[in-house]
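J.: please find the sequence and the predicted model below.
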Amino acid sequence: MPRTQMLKLPEVLDEIGMSRAAFYRMRARGKAPKLIKLPNGQLRIRRADLDAWWAECEQSAA
């Protein structure tokens, strides 16, 4: 079974071209990709969740 790719928040912010503050505002509105909080407090986003979020953004823009 392939291992799920987990992205760090700075990697995601760089990919989507968004500041951390803007990302958290979007998250507060329920419009951001799902975050996973690790036991050590670090945040990760699954590649599949980010890809699904991108697809949703493309559909809503059409």
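T.: Now that the structure is in, tell me what you want to look at. Numbers count the residues shown, from 1 in each chain.
J.: need phi/psi at residue 38.
T.: Its backbone dihedrals place residue 38 at phi -80, psi 160, with angles given as degrees, to the nearest 10.
J.: actually residue 17, not the one I wrote
T.: With angles defined as degrees, to the nearest 10, residue 17 shows backbone torsions of phi 70, psi 50.
J.: likewise residue 19?
T.: Per degrees, to the nearest 10, the backbone of residue 19 is at phi -80, psi 160.
J.: not counting sequence-adjacent ones, nearest residue to it?
T.: Taking Cβ to Cβ, 6 or more residues apart in numbering, and ignoring the residues beside it in sequence, residue 19 has residue 13 as its nearest neighbour in space, at 7.0 Å. Using the backbone N, CA and C atoms, a C-beta is placed for each residue, glycine as well.
J.: what's the pLDDT at residue 61?
T.: At residue 61, the predicted lDDT confidence score is 73.
J.: wait, a helix at residue 32?
T.: No - following the definition DSSP: H, G, I helix; E, B strand; the rest coil, residue 32 is coil and is not counted among the residues of a helix.
J.: for it, which non-adjacent residue is spatially closest?
T.: Residue nearest to residue 32 in three dimensions, not counting chain neighbours: residue 26, with 4.6 Å by Cβ to Cβ, 6+ apart.
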